[in-house]
Structure formats: structure tokens, C-alpha cells
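In: curious how this folds, go ahead:
(one chain, ligands or ions: 1)
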Amino acid sequence: MIMRESANLYYSRLRVSDNQLTAKAESTYLIREARHVGLAVGLDTLKYTSVDLNVRSVLDYLVLKSQGMLGFPSDMQWLYGYFSPHIVRNMPPQYFCMVTRKGALGVGSFPEVEWHKREKENIMKAVELKVEHGERVDYGESRRVYRTAGDEEHIQVIDDYFSGLSMGKIAKKTDRSSATILAQIQGHNEAMEKFGFCVKCRRLKGKHETERTSNRVVSAFSSLKTTTTQSE
Ligand SMILES: [Zn+2]
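Out: Next comes the predicted model:
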């Protein structure tokens, strides 16, 4: 796994977890556990210190390229005992210095590969990659004593309702109050009135994004009819 500009990523993480702290703990955990599952993680960053210390402290190999006028980070100053500051400042892009976790040092070069992206080359076009910017999925939020229903749960409620389950049964199944279930169904229908589709259902590609729940009995009945005709 290669993560380019990892400092950006580590600080603008998607909030899949309840809060930033959990997200940070989980990403550090992933990196720490990566070696046990055979996953090699490569983090690329412009500035060494902008990646979290918890992450930096578990790295096995540190590759340092041309450092420019800022030079090596302060806790890496000892490297100047081995590498000339002038060379470190002006290294051509293919050269690098390397430090291992145990302090072994090395120098090396990456010869440029012929398929390397050229400046101004439109890489997206070259590999026919189309980027779509979808809406951010709502994963539900923790409000101390309760948790708001996210998109996934919304779709589950709507699907269950369409398949003929009563609100009471869905409430029991999802361990929610009937009021929450009713709110999801009402929200779904209100969105239909306003936009012609349900935003929550669309974000996670729910089956009923353009269907009003008032049609559910009819559709349940018609599907029943088709199955009977088929069996005849
Ligand atoms: Zn919906």
C-alpha cells in the first residue's frame, strides 16, 4: 500500500470513526499490525515531521531525498556526521539516503523508469480513468446517549419496510424505537416529494431510492402474483 502525500491524508481523514482520536488510533494500529499480515505500507510525505510521531516511530526504513534549504529534521541532525550537508541539500532527484530502524545507513538511486509520468502528461486520460465525486456517506453520529441513524441503517429500514415488515418489527430487529423507524420512513417519503428521490438511499445505492413507501403493499402484492403465475 503506497500513500502519497500521507500528511494530508492523516490530517483530513474521512470520519469513519466516531472521532479524530479513534481514527488516528486505528490508522496507527493498521500500520503497526501491517507486518503481521504481510502488508507493506509506504508513506510518502514532503515533510517528515508532518506525519504523526506514532506513525514515524514504527517505521522500518526511512528514505530521505533532496532536503533543500531546510535540511534534515532536527532529530535527524546526527546524519550530518555521515552525509555532507551540501550534498543533502542539492541531491539530484534520483538519489536518496536511507536509515533503518536500527540506525544502519545507506545511499542509493532510483533510475527513472521509462513509463514514468511526464510533466504535463494527463495521466487520467492516458489510463482512461474517470473520477466521480459522489456524496459523502453518512455513517451515523454518536450523540453520547444515542446514535443517529446513518445511510446504511436508513436503507435497511426502508428495505425491511418494503419487504412487508411492520414498523414495530423493524424497531425490534434494529433495536431502535418505533419513532426512529417512523422518522426514517417519513424522511424517505419527504425527500421523494422534494427531490424525486431519497438522498440517503441514493448515496449507498438503495433499491427504493425513487419509490414512495405508500406503494409497498401494491408492489408486495404484485410480486406475490408473479411468483404464483410462475409456479402454475
Ligand atoms: Zn431512503
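In: contacting residues around stretch 189-207?
Out: 134-138, 151-152, 154-155, 158-159, 162, 187-188, 208-214 (Cβ atoms under 8 Å, 6 or more residues apart in numbering). C-beta: built from backbone N, CA, C; applies to glycine.
In: just the buried residues of the residues you listed.
Out: 138, 151-152, 154-155, 158, 162, 187-188, 208-209, 211, 213 (16 or more other Cβ atoms under 10 Å).
In: quick check: residues of this protein near the ion?
Out: 158, 188, 198, 200-201 (Cβ under 5 Å from the ion).
In: what's the most distant pair in those?
Out: 158 and 200 (8.4 Å; Cβ to Cβ).
In: tell me, what's touching those two both at once?
Out: By Cβ under 8 Å, 6+ apart, the residues touching both residue 158 and residue 200 are 188, 206.
In: give me the domain ranges for the protein.
Out: 2-111, 142-231 (automatic domain parsing).
In: out of these, which one sits most buried?
Out: domain 142-231 (a mean of 15; mean count of other Cβ atoms under 10 Å).
In: averaged pLDDT, that one. What do you get?
Out: Mean per-residue pLDDT for domain 142-231: 82.
In: ok, stretch 104-115 next?
Out: 90.
In: kindly export it (C-alpha atoms) in CSV.
Out: In CSV, the C-alpha atoms belonging to stretch 104-115 read as follows (Å, rounded to 0.1, in the frame of the first residue of the first chain):
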residue,chain,number,x,y,z
ALA,A,104,22.0,1.4,9.6
LEU,A,105,22.7,3.9,6.8
GLY,A,106,22.7,3.7,3.1
VAL,A,107,22.7,5.7,-0.1
GLY,A,108,21.1,4.7,-3.4
SER,A,109,19.5,5.8,-6.6
PHE,A,110,16.2,5.0,-8.4
PRO,A,111,16.9,5.2,-12.1
GLU,A,112,13.9,6.8,-13.8
VAL,A,113,11.6,4.2,-15.4
GLU,A,114,10.6,4.8,-19.0
TRP,A,115,6.9,4.7,-18.1
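In: let's have the chain start at 816 instead
Out: Will do, 816 is the new start, and the previous item becomes stretch 919-930.
In: return the distance of it from the chain's centre.
Out: On the basis of Cα atoms, centre = their mean, to the nearest Å, stretch 919-930 sits 30 Å off its chain's mean C-alpha point.
In: quick one on the thing from earlier: need the buried ones among the contacts of stretch 1004-1022 in a markdown table (columns: secondary structure).
Out: Listed next are those as a markdown table, based on DSSP: H, G, I helix; E, B strand; the rest coil:
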| residue | secondary structure |
| --- | --- |
| 953 | coil |
| 966 | helix |
| 967 | helix |
| 969 | helix |
| 970 | helix |
| 973 | helix |
| 977 | helix |
| 1002 | helix |
| 1003 | helix |
| 1023 | coil |
| 1024 | coil |
| 1026 | coil |
| 1028 | helix |
